[in-house]
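Engineer: any chance you could fold what I've pasted below:
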Amino acid sequence: MHAHAAPRTVTPRLSVIVPTVKGPESWVEPVQILDRQARHSRTEIVVATARRPAPDGVGETVRSVHVPDADVFALRARALDVARGEFVAILEDHIVVGDEWCHEVVAGFDRNPHADAIIGGVTNGAPACLDRASFLLTFAPFLAPLDRAPLHRCPVPGIIAFRAAVLPRTPPESGYLEFELPTQLLDAGRLVAIPSVRVEHVQHVGARGFALQFHAGVSYAGLNNLSVAARPRRERLRDAVAVPRLLVGQSRAGLARVGEVETLPCRAAIATMAAANGLGQLVGIARHSVGRSPLHLE
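Structural biologist: Have a look, this model is predicted:
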């Protein structure tokens, strides 16, 4: 495990975590866009890499940590361990932020002192049919503009930021930061949506989207440390069977909210990818393990 830190003289208000399982050619540009605005605010960027260490000179505000061959869950946990900000935002390496994003995240917390987490809306920057289908299955409930947090969907990495005071003091187990904590805060009314906080998701997956949805399903359902795993196995299997219909319905509802309609081919892709996610959940439940699925996630 290797770490590299850019010198900083002021404790940051905001830490932005960017985990990546790809080489620098895939993530340097979005990070440099983020760095340009981070320089003018009390913001640090923590890039956690699995494939290769971050190259020198990526950005003035960038700190990096290298965890060879780690999955995205482990990368987020390791980055969280070194983040120093009062607030911690979790991005993805294919997220592009707006010019005032850092300021808007901090302002969102300042305007909502009761909130321990905030989420923002997202737009899609990869319009090809399969790319869009994969995007919608994950982000349709959070399409911009977003003025309230969906009550029946856990907010996902890429659009969420936490107050550091509610984050664990030691690296969390896989899934806690992604599924457990956001759900707890949502249920307690301590997670709010900030309309001015928006990002663009630019991920070109093509046919890989089907496999990504399968592995996402396995990675969620196979995590035995989550509270949902304590429910009777029969109930979990029943819910997994219902997942495809649920995801398709949430995708359609999200599109309807923003006044968009999908083409017939994209609808078919959404339905098929949703089925892959449901199958993955059945597999995760059946074998009580995530296997190697987290290593396939991005």
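
Engineer: now the helices for the chain?
Structural biologist: Applying DSSP state H to the chain gives helices spanning 24-38, 72-82, 101-111, 129-139, 181-187, 208-221, 233-257, 264-287.

Engineer: just put the ones you listed in CSV and tack on mean pLDDT and distance to residue 163.
Structural biologist: In this view, the C-beta of every residue, glycine as well, is placed from N, C-alpha and C. Listed next are these as CSV, based on pLDDT from 0 to 100; distance: least, Cβ to Cβ, whole Å:
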stretch, mean pLDDT, distance to residue 163
helix 24-38, 92, 19
helix 72-82, 96, 13
helix 101-111, 97, 6
helix 129-139, 98, 23
helix 181-187, 97, 9
helix 208-221, 98, 25
helix 233-257, 96, 27
helix 264-287, 97, 30
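
Engineer: I'd like the ones you listed as TSV, with mean neighbour count and distance to residue 151 appended.
Structural biologist: Below are those laid out as TSV (neighbours: other Cβ atoms under 10 Å; distance: least, Cβ to Cβ, whole Å):
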stretch	mean neighbour count	distance to residue 151
helix 24-38	18	30
helix 72-82	22	24
helix 101-111	19	19
helix 129-139	23	16
helix 181-187	18	7
helix 208-221	24	19
helix 233-257	16	12
helix 264-287	20	20
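
Engineer: CSV for those, including distance to residue 12?
Structural biologist: Output for the helices of the chain, formatted as CSV (distance: least, Cβ to Cβ, whole Å):
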stretch, distance to residue 12
helix 24-38, 9
helix 72-82, 12
helix 101-111, 10
helix 129-139, 27
helix 181-187, 21
helix 208-221, 30
helix 233-257, 33
helix 264-287, 36
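
Engineer: so which of those gets nearest residue 198?
Structural biologist: helix 101-111 (7.6 Å; Cβ to Cβ).

Engineer: packing partners of that closest one?
Structural biologist: Counting contacts by 3 or more Cβ pairs under 8 Å, 6 or more residues apart in numbering; DSSP states H and E, helix 101-111 is packed against strand 14-20, helix 24-38, strand 87-90, strand 117-124, strand 160-163, strand 191-201.

Engineer: follow-up on the earlier one: which of the helices of the chain sits closest to residue 169?
Structural biologist: Nearest to residue 169, of those and by Cβ to Cβ, is helix 72-82 at 9.2 Å.
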